[in-house]
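A.B. asks: could you work out the structure for the sequence below:
(one chain, ligands or ions: 2)
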Amino acid sequence: MSHPEQQYLDLMRRIWTEGDERIDRTGVGTRSVFGPQLRFDLGDKRVPLLTTKRVFWKAAAREMLWFLTGETNIRPLLEQKVTIWTDWPLAKYRKATGDEISQEAFEARIVADAGFAAEWGDLGPVYGKQWVDWPTYEAQADGTYRSGPGINQVALLVEGLKSNPGGRRHIVEGWNVAELDRMALPPCHKTYQFHVGAGGTRLNCQLYQRSCDVALGLPFNLFGAALLTRMVAQQVGLEPGELVWTGGDTHLYLNHGELIDAQLSRVPEGEPTLAILRRPESIFDYRIEDFEVRDYVPQGRLTAPVAV
Ligand SMILES: Nc1nc(=O)c2c([nH]1)NC[C@@H]1CN(c3ccc(C(=O)N[C@@H](CCC(=O)O)C(=O)O)cc3)CN21
Ligand SMILES: O=c1ccn([C@H]2C[C@H](O)[C@@H](COP(=O)(O)O)O2)c(=O)[nH]1
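C.D. replies: Ligands and ions are numbered 1, 2, ... in the order given. Here you go, the predicted structure:
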């Protein structure tokens with residue numbers, strides 16, 4: 001049987017050799033395929049964490065925990081030294097002020113100055129906001145609308161899986177059409193659907209990712225989705241089942257060639273596992289210390305520039 005990671009490498013090779021080339025929004029250019037699928041068995045604590053390069057899984061885990069807090073400001077991420085979201089607020093700040101501040105100085109200022117963070121560190125109503133506080137509106141007698149209570153999709157998901165495991169509506173959705181224009185980036189990993197299988201014992205998850213940066217984003221997104229599935233499974237008392245990942249526009253940036261050549265020359269080895277050390281009271285009470293990755297011996301780090 002081939003290593004599960006081989007699916008990732010095969011996808012990478014297929015996009016690089018057969019992908020359709022185009023100029024994308026960022027101006028960098030991509031090769032792209034549409035609609036691929038990857039499947040990973042999450043049983044026996046297995047986790048889709050790439051071994052053909054070092055993936056900073058703690059950054060992905062901290063990002064996932066940040067989503068679950070409903071937070072949309074990058075400040076709490078930066079306080080934990082997670083810098084993957086800095087580029088967007090930084091570009092906006094530079095453009096608005098003409099100040100060519102360095103990334104490090106911008107990040108330091110977001111951490112040091114709450115007022116500055118409130119003004120420049122927010123990404124708009126992205127993932128976290130939609131997941132745990134999807135806005136609602138209530139019609140008034142005079143025909144106007146006022147804000148209603150937010151909807152916590154994640155809490156409803158956990159409740160729904162417990163009360164109706166056979167349900168076909170276990171979905172967490174990030175794509176709030178009415179608010180897309182206020183988001184720094186419309187959600188990429190936009191839909192998570194959960195499914196209870198294997199005679200009611202296992203929790204499966206399918207993630208639909210409308211747009212995927214295979215070299216930089218996908219390694220994080222796979223780990224994040226597996227982590228979310230594991231947390232939800234633990235909360236509802238199910239064994240982890242399968243993670244199905246489906247991509248929309250699934251691409252490689254043209255300036256990622258060096259990383260791609262290096263990674264495709266490597267062979268996956270080992271079987272990392274993810275242990276959750278504690279069962280918190282709720283899906284919202286996990287901490288980074290609760291997660292331990294074992295048997296992770298990745299090959300060397302590979303870096304590539306992120307397209308903004
Ligand atoms: N073009 C693009 N690709 C993405 O993957 C992406 C975006 N934009 N925009 C929003 C978020 C931010 N994400 C990112 C951004 C940067 C890295 C990145 O640079 N990763 C490096 C270093 C990670 C680290 O130092 O912690 C890596 O080697 O994986 C990964 C995911 C995923 N998303
Ligand atoms: O979690 C994420 C977030 C973003 N991406 C990538 C996918 C694209 O390369 C860009 C987003 O650009 P759009 O023009 O909005 O599609 O970010 C990712 O792979 N994973």
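
A.B. asks: just want the most central residue of the chain.
C.D. replies: Centroid check for the chain by CA atoms, centre = their mean gives Asn221 as the closest residue, at 4.1 Å.

A.B. asks: right, and that residue touches Lys190 too?
C.D. replies: No: with contact defined as CB atoms under 8 Å, Asn221 does not count as touching Lys190 (11.0 Å). Any C-beta I mention is one placed from the backbone N, CA and C, and that applies to glycine too.

A.B. asks: what parts of this protein come near ligand 1?
C.D. replies: Phe56, Ala59, Ile84, Trp85, Leu185, Asp213, Leu216, Gly217, Phe220, Thr303, Val306, Ala307 (CB under 6 Å from any ligand atom).

A.B. asks: hmm, back to that, what sits against the residue nearest to the residue nearest to the centre of the chain when sequence neighbours are not counted?
C.D. replies: Nearest residue to Asn221, sequence neighbours excluded (CB to CB, 6 or more residues apart in numbering): His189, at 5.2 Å. Under the criterion of CB atoms under 8 Å, 6 or more residues apart in numbering, the neighbours of His189 are Tyr127, Gly174, Leu207, Tyr208, Gln209, Asn221, Gly224, Ala225.

A.B. asks: could you rerun that using 7 Å?
C.D. replies: Leu207, Gln209, Asn221, Ala225 (CB atoms under 7 Å, 6 or more residues apart in numbering).

A.B. asks: related to what we said a few turns ago, drop anything exposed from the residues of the chain next to ligand 1.
C.D. replies: Ala59, Ile84, Trp85, Asp213, Leu216, Gly217, Phe220, Val306, Ala307 (16 or more other CB atoms under 10 Å).

A.B. asks: nearest residue to Thr26 in space, ignoring adjacent ones along the chain?
C.D. replies: Closest to Thr26 by CB to CB, 6+ apart is Ala307, at 3.9 Å.

A.B. asks: and the residue of the stretch 101-250 of the chain nearest ligand 2?
C.D. replies: The minimum distance from the stretch 101-250 of the chain to ligand 2, using CB to the nearest ligand atom, falls at Gly217 (2.3 Å).

A.B. asks: for the stretch 1-150 of the chain, which residues are neighbours of ligand 2?
C.D. replies: Arg25.

A.B. asks: state the distance from whichever residue of the stretch 201-308 of the chain sits closest to ligand 1 to Arg39.
C.D. replies: Closest residue of the stretch 201-308 of the chain to ligand 1, CB to the nearest ligand atom: Gly217 (2.6 Å). Using CB to CB, to the nearest Å, we find Gly217 at a distance of 19 Å from Arg39.

A.B. asks: and for Gln263?
C.D. replies: Distance from Gln263 to Arg39, by CB to CB: 20 Å.

A.B. asks: and the two? which has more neighbours close in?
C.D. replies: Applying other CB atoms under 10 Å to Gln263 and Arg39 shows that Gln263 carries more neighbours, namely 20 against 14.

A.B. asks: what sits closest to the more buried one if chain neighbours are left out?
C.D. replies: Ranked by CB to CB, 6+ apart and with sequence neighbours excluded, the top spatial neighbour of Gln263 is Thr52, at 5.2 Å.

A.B. asks: show me the residues of the chain next to ligand 1 that map onto strands.
C.D. replies: Within the residues of the chain next to ligand 1, residues falling in strands by DSSP state E are Asp213.

A.B. asks: let's have the residues of the chain next to ligand 1 in JSON lines, adding pLDDT.
C.D. replies: As requested, those are exported to JSON lines (pLDDT from 0 to 100):
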{"residue": "Phe56", "pLDDT": "98"}
{"residue": "Ala59", "pLDDT": "98"}
{"residue": "Ile84", "pLDDT": "95"}
{"residue": "Trp85", "pLDDT": "96"}
{"residue": "Leu185", "pLDDT": "95"}
{"residue": "Asp213", "pLDDT": "98"}
{"residue": "Leu216", "pLDDT": "98"}
{"residue": "Gly217", "pLDDT": "98"}
{"residue": "Phe220", "pLDDT": "98"}
{"residue": "Thr303", "pLDDT": "98"}
{"residue": "Val306", "pLDDT": "96"}
{"residue": "Ala307", "pLDDT": "96"}
